[in-house]
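Student: Have a look; sequence and predicted model below, questions after that.
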2 protein chains.
Amino acid sequence: MKALADILAELSRGGFRITRARRSMIEVLIGSRLPISAEGLLASLIKQRVPANKTTVYRELNFLKERKIVQEIQFLHERVKRYEVVFGSHHHHLICMGCKSVEDVELDGELEKYERDIMKSRGFKVLNHALEFMGLCEACR
Amino acid sequence: MKALADILAELSRGGFRITRARRSMIEVLIGSRLPISAEGLLASLIKQRVPANKTTVYRELNFLKERKIVQEIQFLHERVKRYEVVFGSHHHHLICMGCKSVEDVELDGELEKYERDIMKSRGFKVLNHALEFMGLCEACR
DNA sequence: TTGCTATTGCAACTAAGTTGCATTAATATG
DNA sequence: CATATTAATGCAACTTAGTTGCAATAGCAA
């Protein structure tokens, strides 16, 4: 995963400013073990006494998304979107319907096989995918 | 896939009423080649001169969802939810980012293998999953 | 035909996110 | 350091998607 300093340097090089709010938001996103919602991010800033505002949070999340620094995730059982820092390796989620916890899983090499098959049999070029598993974690079973 | 008459009979047996709006909504859902949104469904009813209302549409979709007659789908690139009649065989979608068309794919036996692996290695019992592929269809490549 | 109650429609509401615009503050430059 | 430029911010008002309370309507069993 990228470190805070790398992300800030990249943005700075791009002519963007490193504001208090921006730095804190990226910090929270990096520190969050699970994808976080806009509302959660705002709450986190307020708790840290970083002056921030709903509009700023949404704008920053879109900004970071456009720059591929974060990615947006839509869990099927929720209405809000969540965000997480883009990892080197793409991964998926195991969402527990009992305790609502979320774990990561990687299984990518294998999905790529499907994507080649889809290309071969349908002529459809897969550029991206979304996959999540819903069920019960070890503790909730 | 289930036929209209089967669905209506099932509901009737359950003590629910076969109203004009309900019948038409199920017809539209069955006839829709692709998952349809609440708004699209309402528009379709109005075009057919079936008196209907936003509230009724949302309520009926929730009703049908609870009874597992339709399933809700959230495409990653959209904010609205879509609905489709539950097929015997579970399937996934290929969403073209060019023309926004949606095709179905089936690849289930294979995903189940992942799910067994996840159970074995993580103790997480998968009950359901959501998978969609985004890319470019044959015509748009 | 009638009574029971499932279903409907309206208007008002909520939740999540967006937009316009005037203000503030990073930062490059002298 | 001082300051000009303009990226970023905050506010209020708005939009979109979906929900709720309640009184009115209409399936359908008897």
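Tutor: Looks like it arrived, so ask away.
Student: okay, CA-based contacts and neighbour counts for the rest of this
Tutor: OK.
Student: Quick check: which helices or strands does the top strand by length along chain A pack against?
Tutor: Assignment by DSSP state E gives strand A:125-136 as the longest strand of chain A. Here strand A:125-136 touches strand A:92-96, helix A:108-122, strand B:125-136, going by 3 or more C-alpha pairs under 8 Å, 6 or more residues apart in numbering or on different chains; DSSP states H and E.
Student: Mind checking those for the one nearest to B:P51?
Tutor: Across those, B:P51 has its closest neighbour in strand B:125-136 (34.0 Å, C-alpha to C-alpha).
Student: Now do the closest one, average pLDDT.
Tutor: In this model, strand B:125-136 carries a mean pLDDT of 92.
Student: contacting residues around it?
Tutor: Contact with strand B:125-136 is made by A:76, A:94, A:124-138, A:141, B:75, B:92-98, B:115, B:118-119, as judged by C-alpha atoms under 8 Å, 6 or more residues apart in numbering or on different chains.
Student: pLDDT score for the residue positioned nearest the centre of chain A?
Tutor: Central residue of chain A (C-alpha atoms, centre = their mean): A:E84, 2.1 Å from the mean position. According to the prediction, A:E84 has pLDDT 94.
Student: quick one: it and chain B, what's the gap?
Tutor: Distance, A:E84 to chain B, by C-alpha to the nearest C-alpha, to the nearest Å: 15 Å.
Student: just A:F16 next, same as before
Tutor: Separation of A:F16 from chain B (C-alpha to the nearest C-alpha) stands at 27 Å.
Student: Now the phi/psi pair for the closest residue to A:E39 other than its chain neighbours, please.
Tutor: Among residues not flanking A:E39 along the chain, A:K54 sits closest, at 7.7 Å (C-alpha to C-alpha, 6 or more residues apart in numbering or on different chains). Main-chain dihedrals, A:K54, degrees, to the nearest 10: phi -50, psi -50.
Student: Kindly report the same for A:K68.
Tutor: The phi/psi pair for A:K68 (degrees, to the nearest 10) reads phi 60, psi 30.
Student: That one: how many residues sit nearby?
Tutor: Neighbourhood size, A:K68 [other C-alpha atoms under 10 Å in any protein chain shown]: 12.
Student: circling back to that earlier point, please convert the buried members of the contacts of strand B:125-136 into ChimeraX selection syntax.
Tutor: Here is the ChimeraX command that selects only those of these that count as buried (16 or more other C-alpha atoms under 10 Å in any protein chain shown):
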select /A:76,94,124,125,126,129,130,131,132,133,134,135,136,137 /B:75,92,93,94,95,96,97,115,118,119
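Student: got the angle for the longest strand of chain A vs strand B:92-96?
Tutor: Strand A:125-136 runs at 140 degrees relative to strand B:92-96, counting by axes from the mean of the first three to the mean of the last three C-alpha atoms, to 10 degrees.
Student: Which secondary structure element of chain A has the lowest mean pLDDT?
Tutor: helix A:108-122 (a mean of 88; mean pLDDT, DSSP states H and E).
Student: Residues contacting that helix, please?
Tutor: Helix A:108-122 is contacted from outside by A:90-91, A:124-126, B:138, using C-alpha under 8 Å, 6+ apart.
Student: let's see 6 Å
Tutor: For helix A:108-122, the external contacting residues (C-alpha atoms under 6 Å, 6 or more residues apart in numbering or on different chains) are A:K125.
Student: May I have the strands that pair with the longest strand of chain A, each with its orientation?
Tutor: Using DSSP bridges, the strands paired with strand A:125-136 are strand A:92-96 (parallel), strand B:125-136 (antiparallel).
Student: The shortest one: how far from the chain's middle?
Tutor: In this case it means strand A:92-96. With C-alpha atoms, centre = their mean, to the nearest Å as the basis, strand A:92-96 stands 13 Å off its chain's centre.
Student: Run through the strands of chain A in chain order.
Tutor: Per DSSP E, chain A carries strands over the ranges A:36-37, A:70-74, A:81-85, A:92-96, A:102-105, A:125-136.
Student: Redo the ones you listed as JSON lines? Include distance to A:G14.
Tutor: As requested, the strands of chain A are exported to JSON lines (distance: least, C-alpha to C-alpha, whole Å):
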{"stretch": "strand A:36-37", "distance to A:G14": "26"}
{"stretch": "strand A:70-74", "distance to A:G14": "16"}
{"stretch": "strand A:81-85", "distance to A:G14": "18"}
{"stretch": "strand A:92-96", "distance to A:G14": "30"}
{"stretch": "strand A:102-105", "distance to A:G14": "31"}
{"stretch": "strand A:125-136", "distance to A:G14": "26"}
